[in-house]
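A.B. asks: I would like the atomic coordinates for the input below:
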Amino acid sequence: MFESLSQKLGGVFGKLRGKGSLSENDVMAVSREIRVALLEADVALPVVKDFIESIKAKATGQAVIKGVNPGQQIVKIVHDALVDMLGGAGFEELKFATPPCAYLMVGLQGSGKTTSTAKIARLLSEKHRKKVLMASLDIYRPAAQEQLRQLGEQTGIATLPVVEGQKPLEIARRAMDTARKEGFDVVMLDTAGRLSIDEAMMAEAKEIRDFAKPVEVLLVADAMTGQDAVNTAKAFDDAVGLSGIMLTRVDGDARGGAALSMKAVTGKPVKLVGTGEKWTEIELFHPERIAGRILGMGDIVSLVEKAAETVDRDEAARMAQKFQKGKFDFNDLLSQIQQMRKMGGMGAMMKMLPGIGQMAGQLEAAGVDDSMVKRQEAIIFSMTKTEREKPDLLNASRKKRIAAGSGTTVQEINKLVKQLQQMQMVMKRMRKMGPGKMMGMMKQMMGGRMDDLELMAGSMDPDGLAADMTAMKQGAGPLGPNPFSEKKKLF
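C.D. replies: The predicted structure is shown next:
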């Protein structure tokens, strides 16, 4: 969603490289370009004005600190301003109260409200260990209640049985009563939407809100609608009082203005974002992490969290043993490919790596994308069990057969075999070096930063992931110090 804005801001910062100090003219020129970039990203004009004034006030007269060039200083200033615009440091936690508590889902028709209800219910069930009941209050849209029932079956979340002829308020009463009797922690009340905001819809939402007294009133808004999403949020907040917002379709080609403007215009935080169609493709909205992604700094913490959620501990232990023995075959390579796909694919992972996000388009143009990974997967699936375990068996005739079975070419198979051989060579060298020399070599490669090596060693064990995340949040990580850590005092 923020790809275009990220590229434009990257070009602006690149022009400051090599300057020894920041003059007022430099700041004015950069401010103009940032203003244009934000307006092109569909950010609300009043928000852009406040943002630019904030940057000017902080950047004018900034002297270059030793070891930090003007480009880095401006990046720091813009980063902090972006964080403030998106909602400030930290993130807004979802609230809970004495069971059963209600979550009221509101929004326009077509924004993905019913699907988002199921996604949030699954998130509460898996991450917060809550027993959740979903209830559809939409008696107007054909098959709306049936849609939620099917979503409940697919996600394993309980849904309130449909009783024909009941009004929305009656359904809400029955849902809360059922939750009390059957020990549910949270009741998701999926209200009806309309094609546009009208008085009848708002009156119905108010009536349900007054009865259920929800701990969260969440607006589901489509990020693709741009500033219309912001206007919708303001109208709903004025009428029923929102506690937070979930933006859907942020994985599309929306320009990002809705996400950047939402908090500043409505005063309500974006709490969740839908990043795809799958049940797992929902994320908590972290302003600092989003700002880092926009400025091309990546989002290592989210990447580590995804790894911690998707990694199979038994599989990780088995792979660790094979690495120690210096063995690596096509079954292991397939396992790694499938693990990467669970984490969102190559494209999603690259965008979270510092400095790589802006190159994602170039890599995709060069053919380094998820389609290439799928082709590699098809090649391995076309091998026999023996061929996967013993890659040396692959002669010319076997490669022709595999190419025909996978819809690829012999050249692609040769590339994959070479890739496997290189991985085998690296593991054999590391095994021969022993732990001491291996750590020494890694230390040299990383400029002697022992704290980073300890973190890397911790990340090899699934139990070390949590420690890595804590350390990264405090200002360090496997890829080096966090330039925005207060502790480092770089700025």
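A.B. asks: Flag the shaky bits of the protein, pLDDT-wise.
C.D. replies: Applying pLDDT under 70 to the chain flags residues 1-8, 10-23, 60-72, 89-91, 252-256, 293, 296-327, 340-370, 427-428, 430-491.
A.B. asks: care to break it down by domain?
C.D. replies: Here the domain parsing of the chain from automatic domain parsing is 3-86, 101-301, 303-434, 446-491.
A.B. asks: now the helices for the stretch 1-150 of the chain?
C.D. replies: 3-14, 24-40, 45-59, 70-86, 113-127, 144-155 (DSSP state H, counting those that start in this stretch).
A.B. asks: got it, and the stretch 201-350 of the chain?
C.D. replies: Applying DSSP H, counting those that start in this stretch to the stretch 201-350 of the chain gives helices spanning 227-240, 257-266, 287-294, 300-310, 313-325, 330-342, 345-351.
A.B. asks: So which elements touch the first one?
C.D. replies: Pointing back at helix 227-240 there. strand 101-106, helix 199-212, strand 216-222, helix 257-266 (3 or more CB pairs under 8 Å, 6 or more residues apart in numbering; DSSP states H and E). C-beta here means a position set from N, CA and C on the backbone, and glycine is covered the same way.
A.B. asks: one more time with 6 Å
C.D. replies: Using 3 or more CB pairs under 6 Å, 6 or more residues apart in numbering; DSSP states H and E, the elements in contact with helix 227-240 are helix 199-212, strand 216-222, helix 257-266.
A.B. asks: Please list the outside residues in contact with the first one.
C.D. replies: Counting contacts by CB atoms under 6 Å, 6 or more residues apart in numbering, the residues outside helix 199-212 that touch it are 102, 104, 106, 168-169, 172, 191, 194, 239-240.
A.B. asks: Then the shortest one?
C.D. replies: Counting contacts by CB under 6 Å, 6+ apart, the residues outside strand 216-222 that touch it are 95, 103-107, 111-113, 116, 229, 232-233, 236, 242-249.
A.B. asks: picking up where we left off before, quick one: closest of the helices and strands packed on helix 227-240 to E53.
C.D. replies: In terms of CB to CB, the element of the helices and strands packed on helix 227-240 nearest to E53 is helix 257-266, at 12.7 Å.
A.B. asks: Grab the nearest non-local neighbour of I171.
C.D. replies: Distances taken as CB to CB, 6 or more residues apart in numbering place L137 nearest to I171, at 5.2 Å, with adjacent residues excluded.
A.B. asks: ok, now A59?
C.D. replies: Excluding the flanking residues, the one nearest A59 by CB to CB, 6+ apart is V27, at 4.7 Å.
A.B. asks: right, and the helices and strands packed on helix 227-240 - which one's nearest I55?
C.D. replies: Judging the helices and strands packed on helix 227-240 by CB to CB, what sits closest to I55 is helix 257-266, at 14.2 Å.
A.B. asks: Summarise which helices and strands the closest one is packed against.
C.D. replies: Short answer (3+ CB pairs under 6 Å, 6+ apart): helix 257-266 packs on helix 227-240.
A.B. asks: and if we set it to 7 Å?
C.D. replies: Applying 3 or more CB pairs under 7 Å, 6 or more residues apart in numbering; DSSP states H and E, we find helix 257-266 packed against helix 45-59, helix 70-86, helix 227-240, strand 244-248, strand 270-274.
A.B. asks: what pairs with the last one, and is each one parallel or antiparallel?
C.D. replies: Strand 270-274 has the following strand partners under DSSP bridges: strand 244-248 (parallel), strand 282-284 (antiparallel).
A.B. asks: Now it - C-alpha only, CSV.
C.D. replies: These are the backbone C-alpha positions of strand 270-274, laid out as CSV (Å, rounded to 0.1, in the frame of the first residue of the first chain):
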residue,chain,number,x,y,z
VAL,A,270,-6.3,2.3,13.6
LYS,A,271,-6.1,-0.9,15.7
LEU,A,272,-6.0,-3.6,13.1
VAL,A,273,-5.3,-4.1,9.4
GLY,A,274,-6.4,-6.8,7.0
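A.B. asks: Any chance you could list what contacts that strand?
C.D. replies: Identification of contacts with strand 270-274 by CB atoms under 7 Å, 6 or more residues apart in numbering yields 87, 92, 94, 112, 116, 119-120, 244-250, 259, 262-263, 281-285.
A.B. asks: Hey, what's the angle from it to helix 70-86? Just curious.
C.D. replies: With axes from the mean of the first three to the mean of the last three CA atoms, to 10 degrees defining the directions, strand 270-274 sits at 100 degrees from helix 70-86.
A.B. asks: Repeat that for the first one.
C.D. replies: For helix 45-59 against helix 70-86, the angle by the same axes, to 10 degrees is 140 degrees.
A.B. asks: ok, residues contacting helix 45-59?
C.D. replies: By CB under 7 Å, 6+ apart, the list of residues contacting helix 45-59 from outside reads 22, 27, 31, 34-35, 38-39, 74, 77-78, 81, 85, 260-261, 264-265.
A.B. asks: Can you give me the neighbour number for the nearest residue to A81 once chain neighbours are set aside?
C.D. replies: Distances taken as CB to CB, 6+ apart place S54 nearest to A81, at 4.8 Å, with adjacent residues excluded. For S54, the count of nearby residues is 16 (other CB atoms under 10 Å).
A.B. asks: Next one: S54 from L86, what distance?
C.D. replies: When distance is defined by CB to CB, to the nearest Å, S54 is 13 Å away from L86.
A.B. asks: Give me the neighbour count for the closest residue to F96 other than its chain neighbours.
C.D. replies: Spatial nearest neighbour of F96, excluding adjacent residues (CB to CB, 6+ apart): V215 at 6.4 Å. Neighbourhood size, V215 [other CB under 10 Å]: 16.
A.B. asks: for L334, same thing?
C.D. replies: 17.
A.B. asks: Does it touch I380 like I think?
C.D. replies: Yes - L334 is in contact with I380 according to CB atoms under 7 Å; the separation is 4.7 Å.
A.B. asks: What values do phi and psi take at H286?
C.D. replies: H286 has phi and psi values of phi -110, psi 110 when expressed as degrees, to the nearest 10.
A.B. asks: Hmm, K119 is touching W279, no?
C.D. replies: Yes - counting by CB under 7 Å, K119 does reach W279; the two are 5.9 Å apart.
A.B. asks: ok, the two, which is more surrounded?
C.D. replies: Remark: of K119 and W279, K119 carries more neighbours, 26 against 18, as counted by other CB under 10 Å.
A.B. asks: From Q422, how far out is the more buried one?
C.D. replies: To Q422, K119 is 40 Å away according to CB to CB.
A.B. asks: Also M105?
C.D. replies: Distance from M105 to Q422, by CB to CB: 50 Å.
A.B. asks: try V273
C.D. replies: 38 Å.
A.B. asks: neighbour-wise, which of these two wins?
C.D. replies: Taking neighbours as other CB under 10 Å, V273 and Q422 compare with V273 leading, 22 against 10.
A.B. asks: what's the helix or strand hosting R401 packed up against?
C.D. replies: Using DSSP states H and E, R401 maps to helix 396-406. The contact analysis (3+ CB pairs under 7 Å, 6+ apart) places helix 396-406 against helix 370-381, helix 410-445.
A.B. asks: Thanks a lot, catch you later.
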